[in-house]
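Participant: coords please:
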Amino acid sequence: MRRLRLVPATTSFRSRFQYNNVTYSLAGDVAAHAAGTTWQSLLRARIYGPLGMTESYADASELQAAGVTDLSSPHGIVRDTVRVLPAPLNGIDGIAPAGSAFTTATDMAKWLRFLLDSGRVAGRRLVSPQNFAELFKPQQTLARPFFPTASLVHPHFQAYGLGWILQDYRGEFVAMHTGSIEGRSAIVALLPDRRVGVAIFTNLDHSELRHALMYTVFDRFIGPSPHDWSVEMRAMYKCLADSTAAVRRAQESKRVPNTHPTLPLDRYAGTYADSLYGSATVRLGDAGLMLQAGQLNGQLEHWQYDVFRVTWRDPFLQPDYVAFAIDPDGTVGEVRVVDGEQVYRRVR
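Facilitator: The predicted model follows:
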């Protein structure tokens, strides 16, 4: 979080909506600091305890300490096949307020009831009407759709509240939010005026079935709809996926054949650093050049000139491309991620 100060501003303060999980984590830590405790303790004291959510944990370390083993396994689509992902259970604990919580359908029902009863539990008010209403007031309008589903459901407005995406659907006010971490997806949505809430969890990365289920549930309460959201959204997301794949194929078709690296491979090995993104290490082994960037490890394959393709060990990740730059003295001075923001300068 200390490195956030190094992220360049792309817009003036509060002039445009931008989403960032690290700043969500920062907000949670600020709240914990103001309460004089940790985020995990704050969650237990202010939400889990008062709502009776006894099957919920603030992060993976709490879950493991409790000895809970009945868990979903994270999945992703790898080479067109759904596979279990080697995602560590505590992979998001480092930014816990952004989505490290573990819970059950039973406890999520308690959370939904609390939200649909305007901040009350069993008739006892836990949040003042004024503060509760503030959660669902637009804090920032959205200049463009937040989800691709907007092209099908055609909301008249979209805004961001305090942790809620706000829009309309068939004349109803909707508050919702998605969650996606490696191998797991979720959506929580409310029709407050109808006292209807739905929480959907999947153990497939970015399983957009969640949107189709949400709108189908809404239609059961609002009234019959001519739409089959499963069919329509599947076609839409397939079109998006096919378009992305076509762009990648078009880029790869421009590969220049029969080129060679400027230098012997051992000259590319070394340690590189970026003030924002940390360090990256390139090593030469029996299988060729290997790259470690943060927690990611991958095999480098020569692509063209001084550009290499990275095949990550994590099968969930698509390949990336990195380009090495040669300094005037003939040494490799930096490595940058093609189509990315990471530029690592050589330190040794």
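Participant: rest of the way, CA atoms for contacts and neighbours
Facilitator: Fine.
Participant: ok, then the element right after the host helix or strand of residue 242?
Facilitator: Residue 242 is located in helix 229-252, with elements delineated by DSSP states H and E. The C-terminal neighbour of helix 229-252 among helices and strands, as given by DSSP H and E, is strand 270-274.
Participant: Listing partners with orientation, what would you give for that following strand?
Facilitator: Here strand 270-274 has these sheet partners by DSSP bridges: strand 278-285 (antiparallel), strand 343-346 (antiparallel).
Participant: I'd like to know which of these lies nearest to residue 314.
Facilitator: The closest of those to residue 314 is strand 278-285. By C-alpha to C-alpha, the value is 16.7 Å.
Participant: so how far is that closest one from its chain's centroid?
Facilitator: Centre-to-centre, strand 278-285 and its host chain are 26 Å apart (C-alpha atoms, centre = their mean, to the nearest Å).
Participant: and if you look at stretch 131-138?
Facilitator: Stretch 131-138 has its C-alpha centroid displaced from the chain centroid by 24 Å (C-alpha atoms, centre = their mean).
Participant: Could you pull out the buried residues of it?
Facilitator: Within stretch 131-138, the residues scored as buried using 16 or more other C-alpha atoms under 10 Å are 136, 137, 138.
Participant: domains of this protein?
Facilitator: 21-117, 136-254, 265-346 (automatic domain parsing).
Participant: so for the first one, what's the average pLDDT?
Facilitator: Regarding domain 21-117, the rounded mean pLDDT is 93.
Participant: and if you look at the longest one?
Facilitator: When the per-residue pLDDT values of domain 136-254 are averaged, the result is 95.
Participant: what's the straight distance from one end of it to the other?
Facilitator: The straight-line separation of the ends of domain 136-254 (C-alpha to C-alpha, to the nearest Å) is 48 Å.
Participant: Stretch 162-176 too?
Facilitator: 11 Å.
Participant: Flag every buried residue along that stretch.
Facilitator: For stretch 162-176, a neighbour-count test (16+ other C-alpha under 10 Å) marks 164, 165, 166, 167, 168, 169, 173, 174, 175, 176 as buried.
Participant: As JSON lines, the residues you listed with distance to residue 230 and secondary structure would be great.
Facilitator: Shown next, in JSON lines, are the buried residues of stretch 162-176 (distance: C-alpha to C-alpha, whole Å; DSSP: H, G, I helix; E, B strand; the rest coil):
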{"residue": "164", "distance to residue 230": "24", "secondary structure": "coil"}
{"residue": "165", "distance to residue 230": "22", "secondary structure": "strand"}
{"residue": "166", "distance to residue 230": "22", "secondary structure": "strand"}
{"residue": "167", "distance to residue 230": "20", "secondary structure": "strand"}
{"residue": "168", "distance to residue 230": "20", "secondary structure": "strand"}
{"residue": "169", "distance to residue 230": "17", "secondary structure": "strand"}
{"residue": "173", "distance to residue 230": "22", "secondary structure": "strand"}
{"residue": "174", "distance to residue 230": "20", "secondary structure": "strand"}
{"residue": "175", "distance to residue 230": "21", "secondary structure": "strand"}
{"residue": "176", "distance to residue 230": "19", "secondary structure": "strand"}
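Participant: Out of the residues you listed, flag the one nearest to residue 304.
Facilitator: Proximity of these to residue 304 (C-alpha to C-alpha) peaks at residue 165, which lies at 43.6 Å.
Participant: Columns distance to residue 126 on top of the domains of the chain, output as a markdown table?
Facilitator: Below are these laid out as a markdown table (distance: least, C-alpha to C-alpha, whole Å):
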| stretch | distance to residue 126 |
| --- | --- |
| domain 21-117 | 8 |
| domain 136-254 | 16 |
| domain 265-346 | 41 |
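Participant: out of the ones you listed, nearest to residue 10?
Facilitator: So among the domains of the chain, domain 265-346 is nearest, using C-alpha to C-alpha, at 13.1 Å.
Participant: wait, which of the domains of the chain is closest to residue 13?
Facilitator: With C-alpha to C-alpha as the criterion, residue 13 lies closest to domain 136-254 of the domains of the chain, at 11.5 Å.
Participant: can you give me how far the closest one is from the chain middle?
Facilitator: Computed by C-alpha atoms, centre = their mean, the chain-centroid distance of domain 136-254 equals 14 Å.
Participant: Helix or strand next in line after the strand or helix carrying residue 311, which one?
Facilitator: Using DSSP H and E, residue 311 maps to strand 307-312. Toward the C-terminus, strand 307-312 is succeeded by strand 320-326 as the next helix or strand (DSSP H and E).
Participant: Having no further points to raise, I will conclude here.
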